[in-house]
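Peer 1: Any chance you could fold what I've pasted below:
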Amino acid sequence: MEYKQAFGDLYQDAKEKYNIQQAPKLTLRKDTDNAKKTFGRTAYYDPGNEEIVVFITNRHPKDILRSYCHELIHHVQNERGDLKKGGTLSPTYAQDDDHMRKMEMEAYLKGNLLLRDFEDNFKY
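Peer 2: Next up, the predicted model:
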């Protein structure tokens with residue numbers, strides 16, 4: 001399976017599991033400067049525009065999909081209204097705001113499991 005096809009299939013899986021109402025916009029961003037940084041960005045979710053941006057330069061397809069799944073859970077949180085309950089999104093929001101810390105924990109757990117459960121259907 002081409003990893004670009006996997007985005008759609010993963011979205012359908014998440015839509016069923018998490019009752020997603022509106023598909024987020026997906027942008028695959030090429031950024032060679034970002035890719036050179038040890039702690040460059042991998043992805044982010046923009047709740048105001050309901051957009052997931054995934055950085056793809058020099059990354060393994062599975063890692064790209066893992067980032068997508070994480071951000072997809074943030075979209076689920078946004079649809080539930082949970083992202084509005086947090087404070088400002090400073091660079092250290094996940095350390096400074098208890099609510100946003102819980103949102104990150106949920107995105108890491110459910111995002112990784114979403115990919116793991118999906119990929120288990122394709123292991124040889």
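Peer 1: tell me the centre residue of this protein?
Peer 2: Residue closest to the mean C-alpha point of the chain, counted by C-alpha atoms, centre = their mean, is residue 71 at 1.7 Å.
Peer 1: Could you pull out the buried residues of whichever strand or helix holds that one?
Peer 2: If you go by DSSP states H and E, residue 71 is part of helix 61-80. Using 16 or more other C-beta atoms under 10 Å as the test for burial, helix 61-80 gives 64-79. To be clear about C-beta, it is placed using only N, CA and C from the backbone, and glycine gets the same treatment.
Peer 1: for the longest helix anywhere in the chain, packing partners?
Peer 2: When the chain is parsed with DSSP state H, its longest helix is helix 98-119. Helices and strands touching helix 98-119, as assessed by 3 or more C-beta pairs under 8 Å, 6 or more residues apart in numbering; DSSP states H and E, comprise helix 3-18, helix 61-80, helix 93-96.
Peer 1: Out of these, point me to the one whose mean pLDDT is lowest.
Peer 2: Between those, the lowest average pLDDT goes to helix 93-96, which shows a mean of 70.
Peer 1: Figure out how far stretch 44-54 is from the centre of its chain.
Peer 2: From the chain centre to the centre of stretch 44-54 is a distance of 9 Å (C-alpha atoms, centre = their mean, to the nearest Å).
Peer 1: no wait, stretch 37-45
Peer 2: A distance of 12 Å separates the centroid of the chain from that of stretch 37-45, by C-alpha atoms, centre = their mean.
Peer 1: do stretch 95-115 as well
Peer 2: Worked out by C-alpha atoms, centre = their mean, stretch 95-115 lies 10 Å from the chain centre.
Peer 1: For it, list every residue counted as buried.
Peer 2: Buried residues in stretch 95-115, defined by neighbour count with 16+ other C-beta under 10 Å: 97, 100, 103-104, 106-107, 110-111, 114-115.
Peer 1: Out of those, which comes closest to residue 20?
Peer 2: residue 114 (11.6 Å; C-beta to C-beta).
Peer 1: Next one: that closest one from residue 9, what distance?
Peer 2: According to C-beta to C-beta, to the nearest Å, residue 114 stands 11 Å off from residue 9.
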